[in-house]
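> pasting the sequence and the predicted model now:
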Amino acid sequence: ELETRVDIGSRDEIGALAGAINDLAVDLQRYRDTRQEFFANISHELRTPITYLEGYANVVKERLYATEEEKDRYLDIIYMEARRIQHLVDDLFELAKMEEGKITLSPEWINLAELVEQAVEKVRLKAEDKNLELYCTVEGTPHRMYTDGARMEQIVLNLLENAIRYTERGTVGVLLSFQSASVKLAVQDTGIGIPEAELPFIFERFYRVEKSRSRMHGGTGLGLSIVHKLAGLLGGKITVASRPGEGTCFELYFDLRRKPGEDRV
Ligand code: ADP
């Protein structure tokens, strides 16, 4: 499988060099495999909605429907699938920019409590549609934070939208706790949860706990990897705790003595 392989014949510098070359070969192969898998994933993710688009466009074009309502339903599907492709392309572009280190942060002094409250308001309609109770709790004394507000909002919105997407009853909300030199932001829900065995993988690109369920909910499988990368860019740490059938909590931790972008991800 490995194309490059050097025999380690001696214990001297040449042997060490041979060992290093072999390690490099393994790394390279791993990189190729991930790339290969990445493109396979993209093709798959695009192929599915495109198949729907073709199929339903044909049904409408050939007038293979019985009623006007049926036709409208097909047009709705076409619209939704087109949006899904749009969403996927946006997410991919975002990830590509981050991976190339091409994201420039615009840090400023922000009021995090206010930002989170506004993000919660933005998802209120979505939560009400599903009869979920929505909350935003602030503990400690709120203080300002020097960070990229737009990116921070993107993180919070993404986590909140997931929380709503994967919760059928109960509550969804944010608990923000300020300490003197740090802040913790927890996005909690009482939803379907994530099995423990899957937790280590959910920040990976295209990873989904259950493919069909996520597709039904309109996800791309890229949201959490974007959140993970953004959190890193802002100098934060993200962790997740979950119990199937009980709920999930994503926790972001920011040490306020560090500046965003100080270390790369
Ligand atoms: P998607 O676009 O499919 O939602 P994400 O990257 O945002 O992709 O999430 C990856 C997977 O993690 C999802 O498919 C879903 O199964 C799981 N997940 C994310 N957030 C939650 C949550 N709050 N509750 C339960 N499962 C979740």
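Perfect, thanks for sending it. Remember, it's a predicted structure, so these values are computed and weren't measured experimentally. Residues are numbered from 1 along each chain as shown.

> and stretch 232-251, what's its mean pLDDT?
For stretch 232-251, the mean pLDDT works out to 96.

> just the buried positions in that stretch, please.
Buried residues in stretch 232-251, defined by neighbour count with 16 or more other CB atoms under 10 Å: 232-236, 238, 240, 242, 247-251. Quick note: C-beta positions are derived from backbone N, CA and C, even for glycine.

> likewise for stretch 118-135?
119, 120, 123, 127, 132, 134.

> again, but for stretch 182-192
In stretch 182-192, counting by 16+ other CB under 10 Å, buried: 183, 184, 185, 186, 187, 188, 189, 190, 191, 192.

> cool, stretch 55-72 as well?
So, applying 16+ other CB under 10 Å, buried residues of stretch 55-72: 56, 59, 60, 65, 71.

> one more: stretch 12-27?
Those would be 18, 22, for stretch 12-27 by 16+ other CB under 10 Å.

> and the ligand, which of the buried residues of stretch 232-251 contact it?
Subset of the buried residues of stretch 232-251 in contact with the ligand: residue 248, counting by CB under 6 Å from any ligand atom.

> now, which of the buried residues of stretch 232-251 sits nearest residue 151?
residue 234 (6.1 Å; CB to CB).

> wait, the closest one sits on residue 150?
No: using CB atoms under 8 Å, residue 234 is not in contact with residue 150, being 10.9 Å away.

> where does pLDDT dip in the stretch 151-265 of the chain?
Scanning the stretch 151-265 of the chain with the threshold set as pLDDT under 70 gives 211-218, 258-265.

> for the record, mean pLDDT for the strand or helix carrying residue 86?
Taking DSSP states H and E as the criterion, residue 86 maps to helix 68-99. Averaged over helix 68-99, pLDDT sits at 92.

> buried sites along it?
Here helix 68-99 shows 71, 74, 77-78, 81, 84-85, 87-88, 91-92, 94-95, 98 as buried, counting by 16+ other CB under 10 Å.

> related to what we said a few turns ago, widest-spaced pair of the buried residues of stretch 118-135?
Greatest spacing in the buried residues of stretch 118-135, by CB to CB: 119 and 132 (15.4 Å).

> any idea of the pLDDT on residue 28?
pLDDT at residue 28 comes out at 87.

> give me the element it is part of.
Going by DSSP H and E, residue 28 is in helix 13-61.

> within range of the ligand, give me the residues from the stretch 151-265 of the chain.
Counting by CB under 6 Å from any ligand atom, the residues of the stretch 151-265 of the chain that sit close to the ligand are 162-163, 166, 189, 191-194, 202, 207-210, 214, 219-225, 248.

> filter the residues you listed down to just the ones in helices.
162, 163, 214, 223, 224, 225 (DSSP state H).

> what about stretch 169-183, how long is it end to end?
28 Å (CA to CA, to the nearest Å).

> centre of the chain to it, how far?
Centroid separation for stretch 169-183 versus its chain: 19 Å, with CA atoms, centre = their mean, to the nearest Å.

> what does it contact?
Stretch 169-183 has contacts (CB atoms under 8 Å, 6 or more residues apart in numbering) with 112-113, 116, 119-120, 127, 131-143, 145, 156, 160, 163-164, 184-191, 247, 253-257.

> try stretch 153-166
Identification of contacts with stretch 153-166 by CB under 8 Å, 6+ apart yields 115-116, 118-120, 122-123, 126-127, 130, 132, 172, 174, 185, 187-189, 191-192, 217-219, 223-224, 226-227, 230-231, 234, 248, 250, 252.
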